[in-house]
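> have a look at this prediction, sequence included:
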Amino acid sequence: MRDLDLTSLRLFVTVCDTGNMSRAAEKANMVASAVSKRLAQLEATVGASLLVRRKHGVLPTPAGETLLEHARSILLSTSRIERDMASHAAGIQGRVNVLATASVMAETLADEIAEFLKQAEHQNIQIDLEERISPDVVRGIHEGVASIGICWDAAETGLLHTRTYRYDHLCVAVPKGHPLCQRAQVRYADTLDFEHVIMPVNSAVEVMLQREAGLLGKRLHHRVIVTNFEAALRVVRAGLAIALVPREVTPVYAKAYGLEILPLQEAWSRRRFVLCHRGEEVLTPAAQLLLNYLTQGPGADTAAP
């Protein structure tokens, strides 16, 4: 079989999509006879009849259905080659939308993205960050709102592709002199004797904490709901409640607010965060670069404890 002609494959796909030779010719800015000749040559090349002519249009034969599937794949690959080569010729450029949880935003993500954008080859890339709770991060990636999401792996990512981003560790923030400071070890059950300040009730961590409390036969009582860790630690400083927060966000605030940060002795206190996306084949070159950088960047080697 001779080499397939991309123009003929493209015309074949258009004819199958429209179901009509004349409409396909209009889309391709050609006359119908030229399209028909191209398709006849394509049938000769593959050695099979590809279309059934009907009174009001055309339909692919079984052989045509097979070729149609391959043709779509070939044309998609060709399009990606053209896009990627053009990007390299002009320097990678584009906009990447990223959705991330509060924990990720409060820890190192902003610094890592800043370092990424400082590199000369990334100067034409723009990155937009939006904070969402884990379920909404996953939903946003599924719906195409953003290219890359970063969330706790406790969220149901479904068919999304994932890569490990980093780990963090939940701990207990309390005012100095709090009764929990007297314990050699702090278990989650111990914290349930006190009122908590929590993040939004439908966030992945709060759903998990409520579930764990139920398994212990207790309830998680909250006095305040906040949307960020600085606000949570201000509530703790005021003595209104205690908070379960990532250890990684506490150093500056603990010192400034005079708080005690107590390790939480639970297996689930060590959390894994993942980068999620719909598949590398649909990522733009700019998004692919960012994905690789966040996977293999400065924080990657220290992700695990």
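Looks like it came in fine. All of these numbers come straight from a predicted model, not from anything done at the bench.
> any idea where the strands of the stretch 1-150 of the chain begin and end?
With strands called from DSSP state E, counting those that start in this stretch, the stretch 1-150 of the chain shows them at 51-54, 57-60, 93-100, 124-131, 148-152.
> list just the one of those that sits closest to Thr295.
For those, proximity to Thr295 was assessed by CB to CB; strand 148-152 is nearest, at 10.5 Å. All C-beta atoms are positioned from the backbone trio N, CA, C, and that covers glycine.
> helices and strands around that closest one, which ones?
Helices and strands touching strand 148-152, as assessed by 3 or more CB pairs under 8 Å, 6 or more residues apart in numbering; DSSP states H and E, comprise strand 93-100, helix 102-106, helix 134-142, helix 204-215, strand 270-277, helix 285-296.
> which strands border it, and is each parallel or antiparallel?
Using DSSP bridges, strand 148-152 pairs in its sheet with strand 93-100 (parallel), strand 270-277 (antiparallel).
> how far does stretch 177-185 sit from its chain's centre?
Put simply, stretch 177-185 sits 39 Å off its chain's centre (CA atoms, centre = their mean, to the nearest Å).
> now do that stretch: everything it contacts.
Contacts with stretch 177-185, where a contact means CB atoms under 8 Å, 6 or more residues apart in numbering, come from 172, 174, 186, 190-191, 194, 242, 260, 262-263, 265.
> also stretch 225-241?
102-103, 106, 173-175, 194-201, 222-224, 242-243, 245-246, 249-250, 253-254, 257-259.
> ok, and the most crowded of the contacts of stretch 177-185?
Val172 (29 neighbours; other CB atoms under 10 Å).
> what's the pLDDT at the closest residue to that one other than its chain neighbours?
Excluding its sequence neighbours, the residue lying closest to Val172 (CB to CB, 6 or more residues apart in numbering) is Leu262, at 4.4 Å. Leu262 carries a pLDDT score of 97 in this model.
> low-confidence ranges, this protein, go.
1-2, 83-84, 86-92, 297-305 (pLDDT under 70).
> what domains does the record give for it?
As given by automatic domain parsing, the domain ranges for the chain are 6-90, 92-305.
> most neighbours per residue, which of the ones you listed?
domain 92-305 (a mean of 17; mean count of other CB atoms under 10 Å).
> please report phi then psi for Leu216.
phi -90, psi 0 (degrees, to the nearest 10).
> what's near enough to touch it?
Leu216 touches 188-189, 192, counting by CB under 8 Å, 6+ apart.
> do Thr66 as well
Neighbours of Thr66 in contact, by CB under 8 Å, 6+ apart: none.
> swap in 10 Å and give it another go.
46, 48, 50, 60 (CB atoms under 10 Å, 6 or more residues apart in numbering).
> the third one touches His70, doesn't it?
Same thing as Leu50. No - counting by CB atoms under 10 Å, His70 is not a contact partner of Leu50; they are 11.7 Å apart.
> just the contacts of stretch 225-241: which are in helices?
Among the contacts of stretch 225-241, the ones falling in helices (DSSP state H) are 102-103, 106, 250, 253-254, 257.
> could you export these as a markdown table, including distance to Leu42?
Listed next are these as a markdown table, based on distance: CB to CB, whole Å:
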| residue | distance to Leu42 |
| --- | --- |
| Ala102 | 55 |
| Ser103 | 54 |
| Ala106 | 57 |
| Thr250 | 65 |
| Tyr253 | 67 |
| Ala254 | 70 |
| Tyr257 | 72 |
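> circling back: tabulate the contacts of stretch 177-185 (a markdown table), appending distance to Ala231.
Compiled in a markdown table, those are given as follows (distance: CB to CB, whole Å):
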| residue | distance to Ala231 |
| --- | --- |
| Val172 | 17 |
| Val174 | 16 |
| Val186 | 22 |
| Asp190 | 24 |
| Thr191 | 19 |
| Phe194 | 18 |
| Ile242 | 14 |
| Glu260 | 19 |
| Leu262 | 20 |
| Pro263 | 23 |
| Gln265 | 26 |
